[in-house]
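S.K.: Let me see the structure of the following:
(3 chains, ligands or ions: 1)
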Amino acid sequence: MEEQWVEQVVYQRPKSLSKVPTHYCPGCTHGLIHKLIGEVIDELGIRERTIAVAPVGCSVLLYNYFELDGAEAAHGRAPAMATGLKRVQPDKIVFTYQGDGDLASIGMAEIVWAATRGENITVFFINNAIYGMTGGQMAPTSLPGQVTRSSPMGRDVEMTGMPIRMAEMLAELPGASYVVRRSVHDIRTIKESKKAIRTAFRVQMAGAGFSLVEFLSSCPTNWGLTPYQSLDWIKQNMVPYYPLGDYKVADIVKDLK
Amino acid sequence: MQEEMIFSGFGGQGALFAGMVLAYAGMDSGKNVTWIPSYGPEMRGGTAHTTVIISDEEIGSPIVQRPSAALVLNNPSMEKYEPLVKEGGVLVYNSSLISITPRRTDIRYVPVPASDVANELGNVKMANMVALGALVTATGVLSLEAVIQALRDHLPESKHEMLEPNVQALRRGAELAEPVVA
Amino acid sequence: MAPVDPLQGKELLKGNVAIAEAAIRAGLQAYFGYPITPQTELLEHMSLRMPQLGRTFLQAESEVAAINMVYGAACAGVRVMTSSSGPGISLMQEGLSYIACSEVPVVIVDIMRGGPGLGNIQPTQADYNQLTKSAGHGDFHSIVLAPSSVQEAIDFTVLAFDLAEKYRTIVFVAGDGMIGQMMEPARLPPMQKVRTTRPDWALTGAKGREKNIITSLYLGGEVLESVNQRLQAKINRIRAEEVRYEEMLTDDADILVVAFGTTGRIAKTAIREARRQGVRVGLLRPITLFPFPFAPLDELSKRVKAILVVEMSAGQMVEDVRLGVWGRVPVHFYGRTGGVVPLPGEILDQILALAGRLDEPPSGELREFVGMSVSVS
Ligand SMILES: Cc1ncc(C[n+]2csc(CCOP(=O)(O)OP(=O)(O)O)c2C)c(N)n1
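M.R.: Sure, this is the predicted structure:
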């Protein structure tokens, strides 16, 4: 039998992502997580009813990279803004995308209350253990001893307390339905991240309440590491303190499957 | 005397540092100086520039529309600042990387193969110092020795193994500019 | 004979770092803040130096938290400060209002950036109204000092602590991105000893004395009115005693430029050039934005033929200038917004255009120029 060569599309840019270059530093995993979210929105067919709320942080320009309706919130206030957007139009899919400074420091009050209310929104929480946008100061999630621009002798937990484990903490709130932690430091974790994004959106689509996926993410520029070393740094240093896993999967979510 | 200078290049080429060395030298020589960086959200890669003014009098505006001299290390900087240099001013440019041919007849051009020379001296990162040496000679804003002394006095201790190569780079740059001055 | 120091003790200092170090040398005991461009180097300097000196540095989770930490430390009677830029100052307004009413001394540095909203990180002066008139709810004014060089940024920071304690008030040091980011030779003050005593009103524990209460809650109308009267009396004392400004070449001036901070020094370059071209022009540079230098403006407005106000805003201080000249002379405005810094040439053009029209009989009316970059029409 004669061999036949058929051209086959193996990869395409998701329709939910805009065809523009991003401003992220080389090796930063913000872009990768954007891509995963874009792919899932495509697969779920919800692009036309999804609204993105951007934070203040490196991903402040998020709405430029998604082909979705988008809004820009004040620093830390994205969950409040998303609440307003969602309450007046419950048929839309609303997600926020927030860094650790945005969500776990300045916006702690807003995120805790959004989860407490069981707000039917989805939150993507990018934990890179640093303040990226302002040039590398200590984040609420910086590890003990981690040297940053504002903890030049290393994070002193005697003075600043221990880094906050947001997924564990928010899972405690009765209003939260789906709270998990994932990473993006290798193929396996990336694949699992994508699955979690999908579940989180499906929770919202089913009206099942507050969903949040925390991602351990890299910041080569401010960590002072190469992109490859950064991925290893996540694995060696972040994962032990921030274990990956499902922290809250409410019964209503289990029933979705 | 008031010399108003722009230093510009890719982030990482050391344009800001070159400006700072000159500012220190100006201060140490008892002059008034200002040094202002362009500061932007890009952490890396973009064009970085600084404005340095060295003057015998009190400096009013720390920013200038028409610099009396410019030091440019890459094509985008050349494009931006070539038209802005004052009539009769000086433009020092890194001819190793800049492919644009000069367009004006009313300013003095000082082409310096700064990156190549720096490479010869062992580190391409010293292109900024080669160009600075040329700028100092071409403008006469300060003596070369004052600039070398400023580098010796203000280069952080941790970088001292780079001191002599950088002094060499300054001197080579100065030599390269001499024919233009003569 | 001691060797002559050509630098006279000067160092090449970046504005933000200079302010931080000046505050430390003025005996700062605690700093709370939250990172924001273009003042972040200030916080970073504090993060290194304060712990080294055994003093308090804490990066707050937000400006909302930072200002309330500052409030608490001020109630304990220590020298305390924070620093930020427009978006953060906006967040602090609630706390500032409480502090103003409680009359605890606090120093706040605002390195202004482009707005409104998230805006950008380039220099502006568009927080003028916020700082001088509306830094929170209720009736109060803070002292506002506007440096135009790194040396002034240092000197005014030290002065700010003294004024804050003298009047038990908020003092702002109002710079802009240019002042924060610029390097200039400047001289730092000597290191003062940190004070070990506390004022008698401070909350230090009611040991051997009656309890101290610091509050801004006064439920009765008459009680709160009397508190307000006390606050207003204090503000009037500040108006009478703390006005600061610089005049340049005003003796024979036909045209008076009024500009502060970075714009003030840029205007100097334009004024010198205009003088070379034969135009009689001078400068009034307010150093205290509150209290505003109404008295010198009043005097000058009797002598000059026209006034040009230049700001990095759509026109905020110009309202005070109009108020202060009683309609005697036309007040023109030139402003740039969004972080665009006016160049000396632009200001020169405005001065020259104005000079060409001075022969026109004064209309006696206030001239309104709406929008930015619009003026001598
Ligand atoms: C009220 C206010 N305070 C401070 C800032 C300055 N600021 C911008 S982004 C940021 C922190 C960003 O860190 P993170 O949320 O971890 O996101 P990343 O940049 O690392 O992705 C800060 C402090 C601001 N914009 N608004």
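
S.K.: Just the pLDDT at whatever residue of chain A ends up closest to the ligand, thanks.
M.R.: Minimum separation of chain A from the ligand (Cβ to the nearest ligand atom) falls at A:Gly99, amounting to 2.3 Å. For the C-beta atoms, the positions are set from N, CA and C on the backbone; glycine is no exception. Predicted confidence (pLDDT) for A:Gly99: 98.

S.K.: which residues sit in contact with it?
M.R.: By Cβ atoms under 8 Å, 6 or more residues apart in numbering or on different chains, the contact list for A:Gly99 reads A:55, A:57-59, A:126-128, A:131-133, A:139.

S.K.: Next, give phi and psi for it.
M.R.: Main-chain dihedrals, A:Gly99, degrees, to the nearest 10: phi -80, psi 180.

S.K.: hang on, C:Lys37 packs against C:Ser85?
M.R.: You called it Lys, but residue C:37 is Thr. Yes. When contacts are counted by Cβ atoms under 8 Å, C:Thr37 is listed as touching C:Ser85 (7.1 Å).

S.K.: Now for C:Ile266: which residues touch it?
M.R.: Neighbouring residues of C:Ile266 by Cβ under 8 Å, 6+ apart: B:60-63, C:259, C:310, C:341-344, C:347.

S.K.: Quick check on C:Thr37 and C:Ser85: which one has the bigger neighbour count.
M.R.: Using other Cβ atoms under 10 Å in any protein chain shown as the criterion, C:Thr37 and C:Ser85 rank with C:Ser85 on top: 28 against 21.

S.K.: is it true that that one touches C:Asp110?
M.R.: Yes. With contact defined as Cβ under 8 Å, C:Ser85 counts as touching C:Asp110 (6.5 Å).

S.K.: how far does the worst-scoring helix or strand of chain A on mean pLDDT sit from the chain's center?
M.R.: Every helix and strand in chain A was compared by mean pLDDT, DSSP states H and E; the lowest is strand A:69-72, with a mean of 90. Its chain's C-alpha centre and that of strand A:69-72 lie 16 Å apart, by Cα atoms, centre = their mean, to the nearest Å.

S.K.: Mind giving me the packing neighbours of that strand?
M.R.: With contacts taken as 3 or more Cβ pairs under 8 Å, 6 or more residues apart in numbering or on different chains; DSSP states H and E, strand A:69-72 sits against strand A:50-54, helix A:62-65.

S.K.: hmm, the shortest one touching chain B?
M.R.: No. Residues of helix A:62-65 contacting chain B under Cβ under 8 Å from any Cβ of the partner chain: none, with a closest distance of 13.4 Å.

S.K.: so where do the helices sit in chain A?
M.R.: A:30-44, A:62-65, A:78-87, A:100, A:108-116, A:157-160, A:166-171, A:187-205, A:220-223, A:227-233, A:239-241, A:251-254 (DSSP state H).

S.K.: quick one on the thing from earlier: overlap of the contact sets of C:Thr37 and C:Ser85?
M.R.: Residues touching both C:Thr37 and C:Ser85 (Cβ under 8 Å, 6+ apart): C:113, C:121.

S.K.: B:Val90: what's it in contact with?
M.R.: B:68-70, B:107-108, B:110, B:135, B:138-139.

S.K.: which residues pair with it across the strands?
M.R.: For B:Val90, the beta-bridge partners are B:Ala69, B:Arg108 (DSSP bridges).

S.K.: can you tell me how far it sits from chain C?
M.R.: Going from B:Val90 to chain C by Cβ to the nearest Cβ, to the nearest Å gives 21 Å.

S.K.: what's the pLDDT at that residue?
M.R.: 97.

S.K.: just B:Glu157 next, same as before
M.R.: As predicted, B:Glu157 sits at a pLDDT of 88.

S.K.: And for it, the neighbour number?
M.R.: For B:Glu157, using other Cβ under 10 Å, the count is 5.

S.K.: show me what contacts it?
M.R.: Taking Cβ under 8 Å, 6+ apart as the definition, B:Glu157 has no contacts.

S.K.: Could you check the pLDDT of the nearest residue to C:Gly27 once chain neighbours are set aside?
M.R.: Among residues not flanking C:Gly27 along the chain, C:Gln192 sits closest, at 4.5 Å (Cβ to Cβ, 6 or more residues apart in numbering or on different chains). For C:Gln192, the model assigns a pLDDT of 96.

S.K.: just checking, C:Gln192 touches C:Ala26?
M.R.: Yes. If you go by Cβ under 8 Å, C:Gln192 and C:Ala26 touch, sitting 5.9 Å apart.

S.K.: Which of the two has more residues huddled nearby?
M.R.: For C:Gln192 versus C:Ala26, the count of surrounding residues by other Cβ under 10 Å is larger for C:Ala26: 21 against 14.

S.K.: Contacts only, for the more buried one.
M.R.: C:Ala26 makes contact with C:79, C:157-158, C:161, C:189, C:192, according to Cβ under 8 Å, 6+ apart.

S.K.: Skipping its backbone neighbours, what lies nearest A:Tyr178 in space?
M.R.: Looking at A:Tyr178 with Cβ to Cβ, 6+ apart, the closest residue is A:Ser211, at 4.0 Å.

S.K.: For burial, what's the neighbour tally of that neighbour?
M.R.: By the measure other Cβ under 10 Å, the count of residues near A:Ser211 is 29.

S.K.: What distance do you get for it to A:Ile252?
M.R.: 11 Å (Cβ to Cβ, to the nearest Å).

S.K.: Identify the contacts common to those two.
M.R.: A:Ser177.

S.K.: Tell me who's in contact with residue 69.
M.R.: All of this refers to chain A. Contacts for A:Asp69 (Cβ under 8 Å, 6+ apart) come out as A:50-52.

S.K.: I was thinking of chain B, sorry if that wasn't clear
M.R.: If you count contacts by Cβ under 8 Å, 6+ apart, B:Ala69 has them with B:3-6, B:85, B:89-92, B:135, B:138-139, B:141.

S.K.: And what about the closest residue to the ligand within the stretch 201-350 of chain C, helix, strand or coil?
M.R.: In the stretch 201-350 of chain C, the residue that lies nearest the ligand is C:Gly339 (14.8 Å; Cβ to the nearest ligand atom). Recorded secondary structure, C:Gly339: coil (DSSP: H, G, I helix; E, B strand; the rest coil).

S.K.: Make sure it is actually in contact with C:Leu118.
M.R.: No. Counting by Cβ under 8 Å, C:Gly339 stays clear of C:Leu118, with 11.9 Å between them.

S.K.: quick one, which of these two is more surrounded?
M.R.: Taking other Cβ under 10 Å, C:Gly339 and C:Leu118 do not tie; C:Gly339 has more neighbours (20 against 16).

S.K.: At the contact with the ligand, which residues of chain A appear?
M.R.: Residues of chain A lying near the ligand by Cβ under 6 Å from any ligand atom: A:56-59, A:75, A:99-102, A:126, A:128, A:130-134, A:139.
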